[in-house]
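Enquirer: Sequence isn't available, so here's the structure alone:
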């Protein structure tokens, strides 16, 4: 009986607005590779999956490669990268982004918890030789990832 039961599912409509900063990327020369921050703690699986799918939708503004996505399969490379990106910017996350050939990092300043953005900005300043602000619009910023000497980007 239960197998054939029919009743409405409790679904909630979620509206995703693609931020202007992601649309700005569509004006940049192609090809490029994008990462977006901040990411939630991967231990919060519901929030983590919602953020990954949101970032997949953001990529439809420019149709370029992104390190984000969700398919139900969690590969070790992505699990490690997403964990590193929760601490962005730091040496490890920047090394991984460079190794993966990431061209731009989109920062959504409105996604940071209240009071945390000032600390993120201080850390960004420490990496100004490796992250160059390309554009700021609304609640978003785009930083170019500048490879260090000896670190080659994967093409």
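Expert: It's in. Since we're looking at a predicted model, the values are computed, not measured.
Enquirer: Show me the shaky parts of this structure.
Expert: Low-confidence regions of the chain, defined by pLDDT under 70, span residues 1-2, 5, 7, 9, 149-155.
Enquirer: What are the boundaries of the strands in it?
Expert: 33-37, 65-66, 104-108, 131-137, 140-145 (DSSP state E).
Enquirer: Provide a list of residues in contact with the residue nearest the centre of the chain.
Expert: Centroid-nearest residue in the chain: residue 36, 2.0 Å away (criterion: C-alpha atoms, centre = their mean). With contacts defined as C-beta atoms under 8 Å, 6 or more residues apart in numbering, the neighbours of residue 36 are 22, 55, 58, 66, 68, 105-108. Quick note: C-beta positions are derived from backbone N, CA and C, even for glycine.
Enquirer: Now rank these by neighbours and give me the top one.
Expert: Using other C-beta atoms under 10 Å as the neighbour definition, the contacts of residue 36 reach their maximum at residue 107, which records 26 neighbours.
Enquirer: Quickly list what that one is bridged to.
Expert: With DSSP bridges applied, the residues forming beta bridges to residue 107 are residue 37, residue 141.
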